[in-house]
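Visitor: Need the 3D shape of this:
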Amino acid sequence: MKAWLLNDFGLDNLVLGDTPTPEPKAGELLVKVGAVSLNFRDKAIVDGIYEPHKVPKPLIPVSDAAGTVVAVGEGVSRFKLGDRVNSHLYSRWTDGAPASDEPDYCFGSPLPGGLAEYMIIHEDSAVRAPDNMSDEEASTLPIAALTAWYSLVDYGQIKPGETVLVQGTGGVSIFAVQLAAALGAKVIVTSSNDANLQAAMQLGAASGVNYRTHPQWHEQVLKLTDGKGVDLLLDVAGGNGLNQSIAATKAAGKIAQIGFLTGQTTELGLMPLIFRQTTIRGIAVAPRSSFDRMNAFLNENQIRPVIDKVYPFEEARQAYEHLARGAFGKVVIKIA
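Guide: The predicted structure is shown next:
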């Protein structure tokens, strides 16, 4: 089969080649991949800054895929030939709290990913793709949508009328705007791009803050919340900006620490954290059970993914470059 292979770190070392088509073992599905979507994790793996010691070479990258079951291994009962399925990043996390070794069983590293004509997915980790979405749309769900859902619902337990701040306008953030608005929350978005802020408001955000115009953006957030701060803040930036996130969150509020776009380490001021009694939780997607609940909510509320651009399979590198420049919503690669 044709597959993109990462032979070493760096985008120049991601090459299109041939590799044997895998055969499903007991409990496994062979999926003909229709489309994949890119996440910052995928770029970080190629760049060698995401658990580089765990990345096998060569690697078929990209965790998030949608496609059709074309063969099944012995004992498969949850799916049949012709079913459309999604991958799920954590191939063994089906419900409850994660095990300590979940990162050892992630698609796109260390397990082979979906940037290929076919991929293997165990039936226990596969999720039925929404009937009303194309493969291109469904491929955006496994990390971006599910991370937003888990942050808002399972962790944040957002209620109508509460206030949520979403950083940026990438994949997770745009899904968070759509989901939080559908949950009845008041949504504030931060971005360096006024046009993106306007587009986010068309998707349901109540207001936006340009953090380049307002470097102390937390002050604007406090003005928008009568000095209280938001109930829940989705932090995708990381780095020392976490201090502003704490300042922008209400007393006893919550922060979902999702990303590390500006840095994997932070110099954290402990006194504001202590006095505001802020809860910070790292979010690494969610179990499969949350995926199933989210899909039902998406269907009920007629929420559709926002896709910035779809690239053909042969232009996978260009898709990575697009992600690096910044995207409004998701960047997708059509495989078949």
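Visitor: Check the burial of residue 146 by counting its neighbours.
Guide: 28 (other C-beta atoms under 10 Å). Quick note: C-beta positions are derived from backbone N, CA and C, even for glycine.
Visitor: do the one 4 residues further on as well
Guide: Residue neighbour count, defined by other C-beta under 10 Å, stands at 22 for residue 150.
Visitor: number of nearby residues for residue 267?
Guide: 9.
Visitor: same deal with residue 234?
Guide: Counted by other C-beta under 10 Å, the residues lying close to residue 234 total 30.
Visitor: Point me to the helix or strand that includes it.
Guide: strand 230-235 (DSSP states H and E).
Visitor: Do a quick rundown of the helices in the stretch 201-336 of the chain.
Guide: 217-224, 242-248, 270-276, 288-300, 316-325 (DSSP state H, counting those that start in this stretch).
Visitor: May I see those organised as a markdown table, with mean neighbour count added?
Guide: Below are the helices of the stretch 201-336 of the chain laid out as a markdown table (neighbours: other C-beta atoms under 10 Å):
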| stretch | mean neighbour count |
| --- | --- |
| helix 217-224 | 19 |
| helix 242-248 | 22 |
| helix 270-276 | 12 |
| helix 288-300 | 17 |
| helix 316-325 | 17 |
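Visitor: now for those, which one comes closest to residue 74?
Guide: helix 288-300 (21.5 Å; C-beta to C-beta).
Visitor: returning to that earlier point: need the helices of the stretch 201-336 of the chain in CSV (columns: distance to residue 6 and mean pLDDT).
Guide: Listed next are the helices of the stretch 201-336 of the chain as CSV, based on distance: least, C-beta to C-beta, whole Å; pLDDT from 0 to 100:
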stretch, distance to residue 6, mean pLDDT
helix 217-224, 36, 98
helix 242-248, 31, 98
helix 270-276, 38, 96
helix 288-300, 26, 95
helix 316-325, 11, 97
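Visitor: Which of those sits closest to residue 201?
Guide: helix 217-224 (12.8 Å).
Visitor: related to what we said a few turns ago, who does the strand holding residue 234 touch, helix- and strand-wise?
Guide: strand 163-167, helix 171-182, helix 242-248, strand 249-257 (3 or more C-beta pairs under 8 Å, 6 or more residues apart in numbering; DSSP states H and E).
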